[in-house]
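[1] I would like to see how this sequence folds:
(one chain, ligands or ions: 1)
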Amino acid sequence: MTGAESLIHTLIASGIEVCFANPGTTEMEFVVALDRVEGLRCALGMAETVVTGCADGYARMTEKPAMTLLHCGPGLANGIANLHNARRANTPMVNIVGDQATYHRPFDAPLTTDTEGLSRAVSHWVRTSGFAQQVAMDGAEAVQAARTPPGQIATLIVPADVAWGEGGGPAVPLPVAPQPSVALEVLRIVARILCSGEPAMLFLNGQALREAGLVAAHRISKATGAKLLGPTHVPRMARGRGRVPVDRMPYVVETALQVFAGLKHLILVGAKPPVGFFAYPGKPSLMAPKDCALHVLAHPEQDAVSALQWLADEIGAPRRVPIKEEGPTPRIASGPFNAEAFGLTLAAVLPENAIVCDDAVTSGRAIFPATFNAPPHDWIQGTGGAIGHGFPCATGAAVACPDRKVICLQADGAGMYTLQALWTQAREKLDVVNVLFANRVYKILYGELRAAGVKPGRASDTLFDLGRPDLDWVALARGMGVETVCVETLESFADTFRAACGRRGPFLIEFRI
Ligand SMILES: Cc1ncc(C[n+]2csc(CCOP(=O)(O)OP(=O)(O)O)c2C)c(N)n1
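    All right, here's what the predicted structure looks like:
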């Protein structure tokens, strides 16, 4: 058995089911082994940031470690933006990166680089496998690291001679570390704070944004008056009619400051402290007021859901607290695009139990509050601010959940980063309806310019305008085997979207704005 074969057997035994890949020569032995060993589904992404974004979407929806196969340092480097997003979402992921054979490395052949250094920037666990007899054990450890709560990025670099050398056979899967619970003392302190009557907020992230966590948080909120809020970009959130309507921290600093104003206690539940995306002269980095105390109920790796449930019981919150419908009623709007009316329209036509991948940038902000009363769905976003997450994330989510409709809300600028994912959707016959917001500008950057009180000039127009020539998304998607239609009004969007959801396979709706 080669090292590559022993590694694949080990990965399969450790629960890996799909290999998102863009291989090269150093991965040839791995690919040969994939041909020989049954049990891993392969999906090709024709750009590594597509591969890593797919893996992120897949792992978020299956809650199992995703796997990628990447080519040397440069292949890994191409995938880093979406590995960064995955790391910030605490996504469990194993990257197998092929590399130069150990004895070839000193010759400094063209693809030789500091693969470990590149890996470290986005991985919690990095190892270069030294021997064919050891690589299976390294693989088992990589999966174990990926599964360590709350989910980690593990990168195993496999030199070509380690892959093709005679291996020592598969390794046994390693145990997964249990999720640490929150100490009783901490729970008691937070219970006291919540019952103090002082203005408080639970700032929720990770598992706390899933249905059980939100229900417990809602019980606490109704019993104590504590506000609930999520981060600006959520890794995965259960939402829609009948679910607890929790908003996200606004992106714009002034608006975010208003949301936190007056708070005396900010309680972090699987979340980091709320900070602005960027620093601006004269504006604070931390959104909580200066006299607001920060408390940690649960660190990201801790069991936040049990902590919330304990608190809800401890403060005597009723077990069942009705969830009042808040927010606007879904309805099909008409006329040209505006984000809020689009959100209401989407809420009216969204299929039950859909997965919404949101990389819609400025078009997306108003869609979120407008879809509180859509049919129940999951909402996922790139959590590291690296745009170009939507298409691949939706692709991976569709591989993960073939029985659910995946809706990708994609801004056009960001969409151009990873449009090759459309080809993977077509190749894998994935059930994704992509909605492309063609405003033909980097609108958010014009907004940042305006906020700084600066008028657009020659350079900013060159750098923020996406026209000259206009992108033809109908042609781009069609060229990758995806059926597509262009719409210009909300009512035609509603009709087209319904029809697209009524069929299987990938579809793209270009919404000209
Ligand atoms: C990987 C990466 N590159 C660049 C940026 C900087 N950036 C943030 S938003 C943006 C433009 C977004 O434009 P578009 O996707 O068209 O959305 P719109 O602002 O028009 O809604 C850019 C270039 C980023 N966040 N991530």
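[2] three-state assignment of residue 67?
    Three-state assignment for residue 67 (DSSP: H, G, I helix; E, B strand; the rest coil): strand.
[3] residue 116 versus that one, what's the distance?
    Shown here: residue 67 relative to residue 116, a distance of 19 Å by CB to CB, to the nearest Å. From N, CA and C alone the C-beta is placed, and that goes for glycine too.
[4] out of the two, which sits in the busier spot?
    residue 67 (26 against 17; other CB atoms under 10 Å).
[5] per-residue confidence at the closest residue to residue 125 other than its chain neighbours?
    Distances taken as CB to CB, 6 or more residues apart in numbering put residue 145 closest to residue 125, at 3.7 Å, once the chain neighbours are dropped. Here, the pLDDT recorded for residue 145 equals 98.
[6] what of the one 10 residues further on?
    The model reports residue 155 with a pLDDT of 98.
[7] next, count neighbours for it.
    28.
[8] list the residues that contact it.
    Residues in contact with residue 155, defined by CB atoms under 8 Å, 6 or more residues apart in numbering, are 76, 94-95, 97, 119, 122-123, 125-127, 142.
[9] and the helices in the stretch 101-250 of the chain?
    115-120, 135-147, 160-164, 184-194, 211-224 (DSSP state H, counting those that start in this stretch).
[10] for the ligand, find the nearest of those.
    In terms of CB to the nearest ligand atom, the element of these nearest to the ligand is helix 115-120, at 15.8 Å.
[11] residues contacting the closest one, please?
    By CB under 8 Å, 6+ apart, helix 115-120 touches 72-73, 76-77, 80, 95, 97, 99, 126, 128, 155, 157.
[12] point out where the stretch 51-200 of the chain drops to low pLDDT.
    By pLDDT under 70, the stretch 51-200 of the chain has no low-scoring segment.
[13] and it, which residues reach the ligand?
    Taking CB under 6 Å from any ligand atom as the contact definition, the stretch 51-200 of the chain meets the ligand at residue 81.
[14] helices of the stretch 301-450 of the chain, start to end?
    Going by DSSP H, counting those that start in this stretch, the stretch 301-450 of the chain shows helices at 304-314, 339-349, 362-365, 367-370, 390-400, 412-417, 421-427, 443-451.
[15] take those helices and write them to a markdown table, including mean neighbour count and mean pLDDT.
    Shown next, in a markdown table, are the helices of the stretch 301-450 of the chain (neighbours: other CB atoms under 10 Å; pLDDT from 0 to 100):
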| stretch | mean neighbour count | mean pLDDT |
| --- | --- | --- |
| helix 304-314 | 22 | 98 |
| helix 339-349 | 22 | 98 |
| helix 362-365 | 22 | 90 |
| helix 367-370 | 21 | 95 |
| helix 390-400 | 31 | 98 |
| helix 412-417 | 23 | 98 |
| helix 421-427 | 26 | 98 |
| helix 443-451 | 15 | 91 |
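[16] could these go into TSV alongside distance to the ligand?
    Converted to TSV, the helices of the stretch 301-450 of the chain look like this (distance: least, CB to the nearest ligand atom, whole Å):
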stretch	distance to the ligand
helix 304-314	28
helix 339-349	9
helix 362-365	3
helix 367-370	11
helix 390-400	9
helix 412-417	3
helix 421-427	15
helix 443-451	3
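[17] mind checking the backbone torsions on residue 477?
    phi -70, psi -40 (degrees, to the nearest 10).
[18] ok, it - how many residues close by?
    Residue 477 has 27 nearby residues by other CB under 10 Å.
[19] OK, contacts around it?
    Counted by CB under 8 Å, 6+ apart, residue 477 has contacts 422, 434, 436, 483-484, 508, 510.
[20] and which of those residues is nearest residue 371?
    The shortest approach to residue 371 among the contacts of residue 477 belongs to residue 434, at 17.0 Å (CB to CB).
[21] tell me the confidence at that closest one?
    Residue 434 is given a pLDDT of 98.
[22] and if you look at residue 268?
    pLDDT, read off for residue 268, is 98.
[23] figure out how far the helix or strand containing it is from the centre of its chain.
    Using DSSP states H and E, residue 268 sits within strand 265-269. The chain centroid and the centroid of strand 265-269 are separated by 23 Å, computed with CA atoms, centre = their mean, to the nearest Å.
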